[in-house]
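Undergrad: sequence and predicted structure below; questions after.
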Amino acid sequence: MPVSPRENISPSYCPSRRAGLSLVEILMALLILTIAVLPAIGAFSGYYGVATRQMEQEMALKLGEAVVNVLMTANYSELKDGAIPALPLNIQTPSGSFAGTMTFAGGYASGTPVTIGKTKYVIGAEVKKIFLAQNITAPHNNALEFSWISSDAPPAPPGPPGPPPPPPIATYSCFNDLICLKVTVDFGGAKPVELATFRADMAR
Amino acid sequence: MKNMQNTRKGVALAVVMVFCIAILGLVTVLVFNTRSHKGSNAYQYDASRALMAATAAMQLAIYKYRVLPSEYYKIHALEIQKNKGTADAMAVSVLNARKAAWMADFQSDNAGSPAAKIKAEIDQSTRGNHSFGVEEFSLVSKAAQGYTRDYLKIRAWGTSGDTRKVLEELIEVRISD
């Protein structure tokens, strides 16, 4: 009489026992995987955050430099006197070009919003006179003063010749107001990007 | 058959352990990568600020030349003598003293100089620590057929934090005899 395959199976090859062993293994594996994957997810999240902040800061720096360049080429007289009403801003960004205006009130520009992707950048600017033009009738100490060694030696004092005098230092007070430009780009980060430089009057 | 079954036991665990080690390796790489990116963030910010400081030095240098051109030509004339080899030791020392005095206005580390006042203003308004100056200020002549062109060569530098940037400009000038 032929024996059916089912009847031929010994207890040690029972499929239910093998399945039980695998379950324990899988549970342990899941536990170990969970322990390993959780910090990985945390690290990925942190990395994504840092990468996003870096991208935003890089964009804020580029916007700030672009605005400083615009201010460096703007009409000097209007800029220093706070008489510049609005400055056109044409900025090329990866998500397209931005065309807007920077509205000045005196020496301050109001926050001009630029949206790139999901981030909103608010640009502000400040023009501040740091050197005031010298006034002949009412001299003051706030003018820019250059110095150099004069080649015109002063006349020798009367009397016996002494040791040679130190080289005469000549000074010149400038008759222009000179300004500092400050640009702030706020992008919702911990602290906004702040750039500042000096601009002289090159019109003369 | 029974022996084969025994050798398969625990294989899943071993595979999982390998996976876990691989994932932990990935996490380690990510953590170190993130740290290095944090450094590059600060570097980019400092680089932009250093460039602004160098621009300030450049503006100051060009402005001084525009305001006092004849004073610089006197220094330039001495420099020509020195380059031709016709200047004696006295003339060379005069040249060095005059050039040092001319350049002193551009160095932000010289207390009381115009550059120091600009540095103080920039530092205060951006809450940073800048430094700037001019490395080279010279007149360069280029002779061509029938004419000579003169250029003012200025090399300015600026620092912010540990980052240093150098800016060089060549501006055409016309020297009248």
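TA: Cool, got the structure.

Undergrad: was I right to think residue A:145 contacts residue A:170?
TA: No - in this structure residue A:145 lies outside contact range of residue A:170 using CB atoms under 8 Å: 10.6 Å. (Each C-beta comes from the backbone N, C-alpha and C, glycine too.)

Undergrad: return the list of helices and strands in contact with the helix ranked longest in chain B.
TA: Determined from DSSP state H, the single longest helix within chain B is helix B:11-67. Applying 3 or more CB pairs under 8 Å, 6 or more residues apart in numbering or on different chains; DSSP states H and E, one finds that helix B:11-67 contacts helix A:15-73, strand A:193-199, helix B:114-126, strand B:130-144, strand B:147-160, strand B:163-173.

Undergrad: give me whichever of the ones you listed is most buried.
TA: Across these, averaging neighbours per residue (mean count of other CB atoms under 10 Å in any protein chain shown) puts strand A:193-199 on top, at a mean of 26.

Undergrad: other SSEs contacting it?
TA: Packed against strand A:193-199 by the contact rule (3+ CB pairs under 8 Å, 6+ apart) you find helix A:15-73, strand A:178-186, helix B:11-67, helix B:114-126.

Undergrad: looking at those, which is closest to residue B:159?
TA: Checking the helices and strands packed on strand A:193-199 against residue B:159 by CB to CB gives helix B:11-67 as the closest, at 5.3 Å.

Undergrad: what helices or strands is the helix or strand just after that closest one leaning on?
TA: Note on helix B:11-67: by DSSP states H and E, the next helix or strand toward the C-terminus is helix B:69-84. Contacts defined by 3+ CB pairs under 8 Å, 6+ apart place helix B:69-84 against helix B:89-104, strand B:130-144.

Undergrad: pull the distance from helix B:69-84 to the chain's centre.
TA: 27 Å (CA atoms, centre = their mean, to the nearest Å).

Undergrad: how about stretch B:66-73?
TA: How far stretch B:66-73 lies from its chain's middle: 26 Å, per CA atoms, centre = their mean.

Undergrad: number of residues surrounding residue A:100?
TA: Neighbour count of residue A:100, defined by other CB atoms under 10 Å in any protein chain shown: 15.

Undergrad: where's the closest residue to it other than its chain neighbours relative to chain B, distance?
TA: Nearest non-adjacent residue to residue A:100, counting by CB to CB, 6 or more residues apart in numbering or on different chains: residue A:89, 5.0 Å away. Residue A:89 is 18 Å from chain B, where distance means CB to the nearest CB, to the nearest Å.

Undergrad: tilt between the helix or strand hosting residue A:89 and helix A:15-73?
TA: Taking DSSP H and E as the definition, residue A:89 sits inside strand A:86-93. Using axes from the mean of the first three to the mean of the last three CA atoms, to 10 degrees, the direction of strand A:86-93 lies 150 degrees away from that of helix A:15-73.

Undergrad: packing partners for strand A:86-93?
TA: helix A:15-73, strand A:96-105, strand A:108-116.

Undergrad: tell me which residue is most central in chain A.
TA: Of all residues in chain A, the one closest to the mean position by CA atoms, centre = their mean is residue A:61, 3.3 Å from it.

Undergrad: mind listing what it touches?
TA: Counting by CB atoms under 8 Å, 6 or more residues apart in numbering or on different chains, residue A:61 makes contact with A:185, A:193, A:195, B:44, B:45, B:48.

Undergrad: and the first one, what pLDDT?
TA: In this model, residue A:185 is scored at 92, pLDDT.

Undergrad: list the buried residues in the strand holding residue A:89.
TA: A:87, A:89, A:91, A:93 (16 or more other CB atoms under 10 Å in any protein chain shown).

Undergrad: which residues are in contact with the first one?
TA: Taking CB under 8 Å, 6+ apart as the definition of contact, the neighbours of residue A:87 are A:70, A:71, A:74, A:101, A:102, A:104, A:109.

Undergrad: returning to what we had before: in a markdown table: the buried residues of strand A:86-93, plus distance to residue B:72 and pLDDT.
TA: Converted to a markdown table, the buried residues of strand A:86-93 look like this (distance: CB to CB, whole Å; pLDDT from 0 to 100):
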| residue | distance to residue B:72 | pLDDT |
| --- | --- | --- |
| A:87 | 34 | 85 |
| A:89 | 37 | 85 |
| A:91 | 38 | 80 |
| A:93 | 42 | 71 |
